[in-house]
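*Asks:* One predicted model, sequence on top.
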Amino acid sequence: MAASRRRTALGPQRRTPVVGVYGLLGLAVILFVVFSALLPETFPTGTNIRAILTNQSIPAILALGATIPIVTGRFDLSIGFGIGLGHVIALWLIVEHEVPWPLVALLVLAGGVVVGLLNGLLVEFAQIDSFIATLGTGSVLYALTGWITGGARIVPPLHGLPGGFTDLTNAHLLTLPITFWYVVALVLLLWLCLEHLPAGRYLYVVGANPRAAELVGISRRKVVILAFVGSGLVTAFAGVLLAAQQQIGDPSAGNSYLLPAFVGALLGSTTIKPGRANAVGTLVAVSILAIGLSGLEQKGAAFWVTPLFNGLTLLAAVGMAGYAARRRQRAGSAVGAHGRTEATGPVGPPGPDEVPDSAADNPGLHVPH
């Protein structure tokens, strides 16, 4: 009730244009229709749709992992190196040391937590810029990958990998690849956390206004460190899936995942919740990338089209995300000023689960802290 009274005192509520909220989702539909018309015999088929879901599930998971620290205004550039190290360690332990794969998966996930914790400590306690800190840890992870493999690929024996391990990505549920359901589950989990739990509000407030977060009793350092831990855990999970999918330990495999992950996370902040990094928006952005790349490949585009497409989309995503954030902040400032002139009574400080609307609703995209 207190929150409702505060919003009433602020006067008319600002409305986000429908195009800004659902524009990218509409673009995804348009792209699918266009490529279906251009490639009617191959593109709109069940086989191609299942191939897209299979090939793009791991990039989608990594993009969702990258979204978590972006909510707090930080970037984790170590995710590309982290997924590479994770999948190499998984295959190294299974193939060369015959460690049971469930234990291998747990060890890789634990390693992801350690890497995320290290990133968070470097950013918050050592006060190193998130770009520099995570790029540095990423380089260390890449060095570890090279040391473990000796620069060569890890090839499984003739009898192959354990069936339970490969089923992590080869299995199907309701005729769809199991990896697609991993993405759905992760999106639902992040959506629930970011939109409906206090933890999500804390993440958004820290990203919007660290000073306001401290004033309402939110520990900025704790929230940011946990955000990096979440990113590291999701990255490690993607590494396990990559190992099960590729079944060969390639020391350079993770390099190609970094750019698409950030394209998806940043482009996702321009839709559904414009100006705010969000899980559903990331999923929509990844869908656009998946549809576009699949269509271009089937049209016979040259090999360099993929990095060109990702690079241009990243530039567009950063520009659009910054514009959406600034527009949202301007709207928040205008509404706040209107509320100050019309409010007739004092408003008490928010409780631990109730943060200031100006911060929670207008976190923006801070690049980077």
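*Replies:* Yes, it's here.

*Asks:* ok, now which ones touch Leu190?
*Replies:* Contact partners of Leu190, counting by Cβ atoms under 8 Å, 6 or more residues apart in numbering, are Leu64, Thr67, Ile68, Ala279. Yep, even glycine has a C-beta here, placed from its N, CA and C like the rest.

*Asks:* Alpha carbons only: can I get the helix or strand where it lies in PDB?
*Replies:* Taking DSSP states H and E as the definition, Leu190 sits inside helix 178-196. Taking Å, rounded to 0.1, in the frame of the first residue of the first chain, the C-alpha atoms of helix 178-196 are listed here in PDB:
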ATOM      1  CA  ILE A 178      17.000 -31.100 -24.100                       C
ATOM      2  CA  THR A 179      19.300 -28.100 -24.300                       C
ATOM      3  CA  PHE A 180      16.300 -25.900 -25.300                       C
ATOM      4  CA  TRP A 181      14.600 -26.800 -22.000                       C
ATOM      5  CA  TYR A 182      17.800 -25.900 -20.100                       C
ATOM      6  CA  VAL A 183      17.500 -22.400 -21.700                       C
ATOM      7  CA  VAL A 184      13.800 -22.200 -20.800                       C
ATOM      8  CA  ALA A 185      14.500 -23.200 -17.200                       C
ATOM      9  CA  LEU A 186      17.300 -20.700 -16.800                       C
ATOM     10  CA  VAL A 187      15.200 -17.900 -18.300                       C
ATOM     11  CA  LEU A 188      12.300 -18.700 -15.900                       C
ATOM     12  CA  LEU A 189      14.800 -18.800 -12.900                       C
ATOM     13  CA  LEU A 190      16.400 -15.400 -13.800                       C
ATOM     14  CA  TRP A 191      13.000 -13.900 -14.600                       C
ATOM     15  CA  LEU A 192      11.700 -15.000 -11.200                       C
ATOM     16  CA  CYS A 193      14.800 -13.700  -9.400                       C
ATOM     17  CA  LEU A 194      15.100 -10.400 -11.200                       C
ATOM     18  CA  GLU A 195      11.400  -9.400 -11.400                       C
ATOM     19  CA  HIS A 196       9.800 -11.000  -8.300                       C
END
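
*Asks:* Quick one: name whatever helix or strand follows that helix.
*Replies:* helix 198-208.

*Asks:* How far off centre is whatever helix or strand comes next after that next one?
*Replies:* Downstream of helix 198-208, the first helix or strand assigned by DSSP H and E is helix 210-215. Here the centre of helix 210-215 is set off from its chain's centre by 25 Å, with Cα atoms, centre = their mean, to the nearest Å.

*Asks:* list the buried ones in the following helix or strand past helix 210-215?
*Replies:* Next in sequence after helix 210-215, counting helices and strands by DSSP H and E, comes helix 220-246. Across helix 220-246, burial judged by 16 or more other Cβ atoms under 10 Å covers 220, 223-245.

*Asks:* Also stretch 46-64?
*Replies:* 48-49, 52-54, 56-64.

*Asks:* How about stretch 87-106?
*Replies:* Neighbour count says stretch 87-106 has His87, Val88, Ile89, Ala90, Leu91, Trp92, Leu93, Ile94, Val95, Trp101, Val104, Ala105 buried, by 16+ other Cβ under 10 Å.

*Asks:* Distance check, Gly160 against Val88.
*Replies:* Using Cβ to Cβ, to the nearest Å, Gly160 is found at 18 Å from Val88.

*Asks:* any chance you could map the strands in this protein?
*Replies:* 172-173, 176-177 (DSSP state E).

*Asks:* Which elements pack onto the last one?
*Replies:* When contacts are defined as 3 or more Cβ pairs under 8 Å, 6 or more residues apart in numbering; DSSP states H and E, strand 176-177 sits against helix 46-71.

*Asks:* now the helix it packs on: how far from the chain's centre is it?
*Replies:* 9 Å.

*Asks:* dump the residue contacts of the residue nearest to Leu117 when sequence neighbours are not counted.
*Replies:* In space, and not counting its chain neighbours, Leu117 is closest to Val229: 5.5 Å by Cβ to Cβ, 6 or more residues apart in numbering. By Cβ under 8 Å, 6+ apart, Val229 lies in contact with Val113, Gly116, Leu117, Gly120.

*Asks:* separation between the residue positioned nearest the centre of the chain and Ser231?
*Replies:* What sits nearest the mean C-alpha location of the chain, by Cα atoms, centre = their mean, is Leu64, with 2.4 Å. Distance, Leu64 to Ser231, by Cβ to Cβ: 9 Å.

*Asks:* again with Thr47
*Replies:* For Thr47, the distance to Ser231 - Cβ to Cβ - is 33 Å.

*Asks:* same question, Arg327
*Replies:* 27 Å.

*Asks:* Now do the contacts for Leu25.
*Replies:* Leu25 neighbours (Cβ under 8 Å, 6+ apart): Thr271, Ile272, Val284.

*Asks:* how does it look with 6 Å?
*Replies:* Residues near Leu25 by Cβ atoms under 6 Å, 6 or more residues apart in numbering: Val284.

*Asks:* so what pLDDT did it get?
*Replies:* We have a pLDDT of 85 for Leu25.

*Asks:* Same question for Gly230.
*Replies:* 97.

*Asks:* Surely it and Thr67 touch.
*Replies:* No: Gly230 is beyond contact range of Thr67, at 9.5 Å (criterion: Cβ atoms under 6 Å).
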